[in-house]
Every structure is written in structure tokens, then in C-alpha cells.
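# Return atomic coordinates for the entry below.
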Amino acid sequence: MLRTSTNYLKILSIAVLSAVLYAGAAQAEDLIGSAVKLRALDKITGRTQDIVIPIDEAVKYGTLDITARKCLKRPPEETPETTTFLEIRETPQDEDPIIQFMGWMFASSPALNALEHPVYDVWVIDCIISSDEASEAKE
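You can find the predicted model right below:
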């Protein structure tokens with residue numbers, strides 16, 4: 001009986017050690033984008049438009065002002081994912097801007113954290129990685 005429990009403890013120790021080593025395995029750093037590519041839908045007309053927004057710049061789409069603050073993309077060897085931190089404000093005519101959305105959007109799960117607006121939908125398509133940033137990430 002003692003021998004069986006000793007073997008069990010050895011196997012358990014190896015399993016725990018393997019899990020710790022796997023969890024601590026080196027992962028590639030996310031690539032930081034210089035711009036984000038979004039797709040916007042006008043629900044009234046049914047038209048979509050792809051919009052490229054440089055980081056920390058605002059772009060107008062209808063009554064929305066969309067500002068991309070950060071765009072991260074996993075490297076090719078990882079599971080694909082693009083995440084973007086967006087600030088979306090609506091500026092009704094002759095009124096102060098109203099924050100409609102502020103947070104992270106995920107390209108793989110657009111409904112997870114979405115803009116809730118009666119007229120517009122906006123979702124993330126991709127990060128645009130400049131060639132300089134891509135070469136720095138490889139070093």
C-alpha cells in the first residue's frame with residue numbers, strides 16, 4: 001500500500017512540475033499596431049465601410065467620433081487574436097459629445113464587448129503593424 005501511494009505522489013509531482021513549466025514557457029510578445037482597421041455598419045442604409053484609424057487619432061463616422069488608443073495583435077505562432085482599446089463618442093448636432101463606448105474590443109468575439117447603438121455597429125478587423133515595429137518584435 002505504501003509503495004502505491006509513493007508512486008502516486010511521484011506521478012502527481014511530475015504532473016504538477018510539468019504544468020508549472022508549461023505555464024512558464026516563453027510566449028512571444030504581442031505586436032503593437034500603429035493603426036487599427038475597423039468595419040462600421042450603418043444599420044439604416046445597410047452599408048458597411050472599412051475604416052483605418054491611426055493610434056491616438058479620431059476619425060468621424062456619421063455622428064460618431066472613433067479614437068483608437070491601443071491595438072495589439074498576437075504573433076503568427078500564437079492563437080490568432082486582435083484586441084483594440086477604443087473610445088467612441090457620439091456628437092449630436094449642437095450638443096456636447098456623449099461617450100457611447102470605451103473599452104477593449106476583440107476581433108475573434110465581436111459580440112463580447114460591443115458598441116450598443118441604434119444606428120451604428122463597429123467591430124475590429126485587424127491591427128496594422130508597421131514594418132519597423134514588426135522587425136523590432138523579431139529581434
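# switch to C-alpha atoms for all contacts and neighbour counts from now on
OK.
# Contacts only, for Pro97.
89-91 (CA atoms under 8 Å, 6 or more residues apart in numbering).
# Please pull out the lowest mean pLDDT helix or strand from the protein.
Scoring the helices and strands of the chain by mean pLDDT, DSSP states H and E places helix 2-23 at the bottom, with a mean of 49.
# Now the very next helix or strand once past that helix: average pLDDT?
Following helix 2-23 in sequence order, the next helix or strand is strand 31-32 (DSSP states H and E). The average pLDDT for strand 31-32 rounds to 92.
# Same question for stretch 116-126.
Here the average pLDDT along stretch 116-126 is 94.
# Using PDB, write down the CA coordinates of it.
Provided in PDB are the C-alpha atoms of stretch 116-126 (Å, rounded to 0.1, in the frame of the first residue of the first chain):
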ATOM      1  CA  GLU A 116     -24.600  49.300 -28.400                       C
ATOM      2  CA  HIS A 117     -26.000  51.900 -30.700                       C
ATOM      3  CA  PRO A 118     -29.400  52.100 -32.500                       C
ATOM      4  CA  VAL A 119     -27.900  53.300 -35.800                       C
ATOM      5  CA  TYR A 120     -24.200  52.100 -36.000                       C
ATOM      6  CA  ASP A 121     -22.200  48.900 -35.400                       C
ATOM      7  CA  VAL A 122     -18.400  48.900 -35.200                       C
ATOM      8  CA  TRP A 123     -16.100  45.900 -34.900                       C
ATOM      9  CA  VAL A 124     -12.400  45.200 -35.100                       C
ATOM     10  CA  ILE A 125     -10.900  43.600 -38.200                       C
ATOM     11  CA  ASP A 126      -7.200  43.900 -37.700                       C
END
